[in-house]
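> Sequence plus the predicted model coming up.
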Amino acid sequence: MFLLANFIEASAKILDIALTLYMWVIVIRALISWVNPDPYNPIVQFLYRITEPALRPIRRRMPFRNVGIDLSPMILILVIIFLQYFLVQSLLQIAFRLKT
């Protein structure tokens with residue numbers, strides 16, 4: 001059982017790191033959007049390509065889309081924080097219970 005517990009614990013830690021990195025990518029994209037970036041810049045294109053699939057569904061479901069302020073990055077960051085506290089912590093607790 002300890003192998004399964006170690007696998008779940010490692011998966012939880014990798015998921016936590018991936019979610020944290022993605023959260024910082026969302027923050028960087030939001031900050032870059034304030035300065036009207038060059039759309040042909042490869043870094044800007046990469047940021048848009050990696051974040052747009054997660055932000056687009058949130059934008060479609062928001063009731064106040066045409067307000068002028070894009071709140072979808074903030075909502076996505078809250079979802080990421082929820083996943084870190086709920087999913088990652090649950091996986092770590094499962095791994096701990098399997099070890100004992």
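Good, I have the coordinates. The model shown is predicted, which means the values in this text are computed figures rather than measured ones.
> Mind jotting down where the helices sit in this protein?
Applying DSSP state H to the chain gives helices spanning 2-33, 42-61, 72-83, 89-99.
> Mean neighbour count and mean pLDDT added to those, as a markdown table?
Glycine gets a C-beta too; all of them are placed from N, C-alpha and C. Shown next, in a markdown table, are those (neighbours: other C-beta atoms under 10 Å; pLDDT from 0 to 100):
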| stretch | mean neighbour count | mean pLDDT |
| --- | --- | --- |
| helix 2-33 | 14 | 96 |
| helix 42-61 | 13 | 94 |
| helix 72-83 | 15 | 96 |
| helix 89-99 | 14 | 95 |
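> which ones are touching Leu3?
Contact partners of Leu3, counting by C-beta atoms under 8 Å, 6 or more residues apart in numbering, are absent.
> thought Ile50 was touching Ile26?
No - between Ile50 and Ile26 there is no contact under C-beta atoms under 8 Å: 9.3 Å.
> Not counting sequence-adjacent ones, nearest residue to Val88?
Once flanking residues are discounted, Val88 sits nearest to Asp16: 4.6 Å by C-beta to C-beta, 6 or more residues apart in numbering.
> gap between the one you found and Met23?
Per C-beta to C-beta, to the nearest Å, Asp16 is found 11 Å from Met23.
> if I look at Ile77, how far off is Thr51?
11 Å.
> scratch that, Leu91 is what I was asking about
For Leu91, the distance to Thr51 - C-beta to C-beta - is 25 Å.
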